[in-house]
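A.B. asks: Predicted structure and sequence below. I'll ask about it afterward.
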Amino acid sequence: MAAVSFRDAEWTRFFIAHEVEWFSDWMCDSIFEGEMLGGGDFSVFLMIFAGIVYVAAYLGALYSRGRLCKPAFLRRLVDRNSAKFARLERWYPQAAFVLFAGLFSSVYLVQSLKWTTGRARPKVVIEKGIEFSEWYEFGPHFVGEGSFRGSFPSGHTATACVLMALGYVLLLEWKGRGARVIGLLVWVLAAVFSLSMLLSRSMNSAHWISDSTFSFFVSWLIIHVTYFWLLDIPRRRECFIEHGHYPEAPVFFEPLLALSILLGFAGLAATGIGARAIMLGDFRLVILAPAGLAMIAASIVLTRKLLQKSKAALG
């Protein structure tokens with residue numbers, strides 16, 4: 001980030017001047033915004049698929065342990081397709097990892113910082129003459145103007161990085177040298193695709209280079225931490241190999257963990273908005289700073305308790 005910041009405006013203007021229009025347009029389009037199928041849609045489809053597999057596998061796990069009692073229609077559905085649900089249970093933690101790692105990086109991280117920083121996008125700075133601000137500074141836009149006005153960080157780049165989570169699953173879960181080579185290739189292609197999104201977002205004047213660089217590396221870090229620490233997929237996999245089933249984690253462990261972490265990101269945003277209010281002399285929102293710190297502290301306590309319960313289940 002230090003290296004990028006040194007030439008942030010210069011490099012961004014260079015890519016704007018050398019835009020490959022068809023490339024930047026396709027990478028930024030989305031059918032979820034009423035446009036053509038775009039580059040970022042693949043990650044969204046992956047998260048939707050992971051969410052379906054996660055819910056089905058979770059229901060199958062509850063059924064196999066005799067804990068799926070109500071509602072009756074779900075019990076009958078799983079009963080009629082018990083073999084299919086049992087096969088999906090094998091991929092339960094991996095689906096949870098893809099779904100929640102994507103949620104943490106492409107939604108929690110992006111929205112909490114966009115609402116806080118309010119950095120002006122390159123197009124606004126170039127066309128309207130609004131003052132340029134560094135990625136670590138508060139920009140001219142305020143929370144009331146909506147997160148879509150914020151340039152930092154890049155949501156499209158963070159979303160594209162979700163494909164790297166699929167690379168983790170294929171590389172670390174498949175057996176055999178050939179399968180792992182395929183997994184590594186998928187991860188490399190996902191990383192290249194994410195970097196391509198990084199460039200395209202600067203080409204069409206939507207983001208400074210630092211916006212997307214931050215999203216790429218921090219999203220990758222979140223994916224890595226979610227896999228090896230928050231959900232501890234390697235230990236869950238070892239348990240499945242040894243015992244033929246996954247350990248019984250706390251009920252609704254992943255959703256509760258997601259809510260706990262959401263509380264922390266909301267606290268981060270509130271603290272930033274409160275600090276921004278102090279710097280601007282608008283003391284009406286100063287109360288958000290201590291409230292945000294309290295939310296962060298509560299998030300840490302709740303997350304720690306959930307992880308302790310999960311580790312106890314893993315033995």
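C.D. replies: That came through, no problem.

A.B. asks: element containing Ala289?
C.D. replies: Using DSSP states H and E, Ala289 sits in helix 288-314.

A.B. asks: Which other helices and strands does that helix contact?
C.D. replies: Secondary-structure packing of helix 288-314 (3 or more Cβ pairs under 8 Å, 6 or more residues apart in numbering; DSSP states H and E): helix 233-243, helix 253-280. Glycine gets a C-beta too; all of them are placed from N, C-alpha and C.

A.B. asks: Would you reformat these as a markdown table and include mean pLDDT, distance to Ile52 and mean neighbour count?
C.D. replies: A markdown table is the format used below for the helices and strands packed on helix 288-314 (pLDDT from 0 to 100; distance: least, Cβ to Cβ, whole Å; neighbours: other Cβ atoms under 10 Å):
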| stretch | mean pLDDT | distance to Ile52 | mean neighbour count |
| --- | --- | --- | --- |
| helix 233-243 | 82 | 19 | 14 |
| helix 253-280 | 92 | 14 | 19 |
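
A.B. asks: Those helices: which one's closest to Leu184?
C.D. replies: Distance to Leu184, taken as Cβ to Cβ, is lowest for helix 233-243 among these, at 17.0 Å.

A.B. asks: could you check the angle helix 288-314 makes with the closest one?
C.D. replies: 20 degrees (axes from the mean of the first three to the mean of the last three Cα atoms, to 10 degrees).

A.B. asks: Check which helices and strands helix 233-243 sits against.
C.D. replies: Counting by 3+ Cβ pairs under 8 Å, 6+ apart, the packing neighbours recorded for helix 233-243 are helix 92-103, helix 162-173, helix 288-314.

A.B. asks: Domain map for this structure?
C.D. replies: As given by automatic domain parsing, the domain ranges for the chain are 2-110+121-135+149-230, 249-315.

A.B. asks: and of those, who's closest to Ile241?
C.D. replies: Ile241 sits nearest to domain 2-110+121-135+149-230 of all these, at 10.1 Å, using Cβ to Cβ.

A.B. asks: Show the average pLDDT along that closest one.
C.D. replies: Mean pLDDT, domain 2-110+121-135+149-230: 88.

A.B. asks: Stretch 301-314 now?
C.D. replies: Stretch 301-314 shows a mean pLDDT of 89.

A.B. asks: Distance from it to the middle of the chain?
C.D. replies: Distance, stretch centre to chain centre, for stretch 301-314: 21 Å (Cα atoms, centre = their mean, to the nearest Å).

A.B. asks: Show me which residues of that stretch are buried.
C.D. replies: Neighbour counts over stretch 301-314 (16 or more other Cβ atoms under 10 Å) mark 302-303, 306-307, 310 as buried.

A.B. asks: returning to that earlier point: compare the domains of the chain and give me the one nearest Glu238.
C.D. replies: If you check each of these against Glu238 by Cβ to Cβ, domain 249-315 wins as the nearest, at 8.8 Å.

A.B. asks: May I have the distance across that closest one, first residue to last?
C.D. replies: For domain 249-315, the first and last residues are 11 Å from each other (Cα to Cα, to the nearest Å).

A.B. asks: any idea which of the buried residues of stretch 301-314 is closest to Val53?
C.D. replies: Comparing those against Val53 with Cβ to Cβ places Ser310 closest, at 20.0 Å.

A.B. asks: Regarding His207, what are the backbone dihedral angles?
C.D. replies: Per-residue torsions, His207: phi -150, psi 150 (degrees, to the nearest 10).

A.B. asks: ok, it - contacts?
C.D. replies: By Cβ atoms under 8 Å, 6 or more residues apart in numbering, the contact set of His207 is 12, 121-122, 151-152, 154, 156-157, 201.
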